[in-house]
Every structure is written in structure tokens, then in C-alpha cells.
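*Asks:* below are the sequence and a predicted model; questions follow.
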Amino acid sequence: MIQDTDVWVYSFPRIDKFILMKLNIQEHVPEMTDDQERIDVVTKEKNLFYLKNPYIELCFQVFDSNDPAAKDYYKILKNL
């Protein structure tokens, strides 16, 4: 059981996968003008995927349901 954490777990039993993710909301968001386009950039750093834009930072990784590495990644995400 996962308790006292802000790491989310999404399970996809049909394809035998799950996702661990953590969302960080930016405290100071810059004002955007009408002519600016919001751009979401997904990168991979230290074997984690990051989706970043001026509003949020989402860190995630996809695992097979029996992947023992998920426990280590859970600890990494929890400490971000």
C-alpha cells in the first residue's frame, strides 16, 4: 500500500502496464499574451520522462506490471 505521498499510480491491466507519476505545479507562472502559444516539451532525463511547460512539471515512467525496478523509481519520484 502507498501512503503519505504525492506519487500517483495508474494501472492498465489489459496491457499489463502501470505508470508512476508526480506532478509539480509551478508557483510563479508567467503571464502569457494572446499571441503566445503554450508549448509542452517532453524529455527523458535519468530514465524518467518529463513534461514541462510554464505551469507544470510532470515526471513519469511506464513499467511492466512485474518490473522490480518500479520500487526504486517510486522512491526517486517521491523525493522529487
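*Replies:* Right, received. Where do you want to start? Numbers count the residues shown, from 1 in each chain.

*Asks:* please count neighbours and contacts with C-alpha atoms only from this point.
*Replies:* Noted.

*Asks:* could you pull out the helices for this protein?
*Replies:* With helices called from DSSP state H, the chain shows them at 70-79.

*Asks:* all strands for it, in order.
*Replies:* 7-12, 17-25, 41-45, 48-52, 56-64 (DSSP state E).

*Asks:* any chance of these in CSV, plus mean neighbour count?
*Replies:* Shown next, in CSV, are the strands of the chain (neighbours: other Cα atoms under 10 Å):
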stretch, mean neighbour count
strand 7-12, 14
strand 17-25, 17
strand 41-45, 11
strand 48-52, 17
strand 56-64, 18
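
*Asks:* closest to residue 80 out of those?
*Replies:* Taking Cα to Cα, strand 17-25 is the member of the strands of the chain nearest to residue 80, at 8.2 Å.

*Asks:* dump the strands of the chain into JSON lines; add distance to residue 73 and mean pLDDT as well.
*Replies:* Shown next, in JSON lines, are the strands of the chain (distance: least, Cα to Cα, whole Å; pLDDT from 0 to 100):
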{"stretch": "strand 7-12", "distance to residue 73": "10", "mean pLDDT": "88"}
{"stretch": "strand 17-25", "distance to residue 73": "8", "mean pLDDT": "90"}
{"stretch": "strand 41-45", "distance to residue 73": "13", "mean pLDDT": "88"}
{"stretch": "strand 48-52", "distance to residue 73": "8", "mean pLDDT": "91"}
{"stretch": "strand 56-64", "distance to residue 73": "8", "mean pLDDT": "91"}
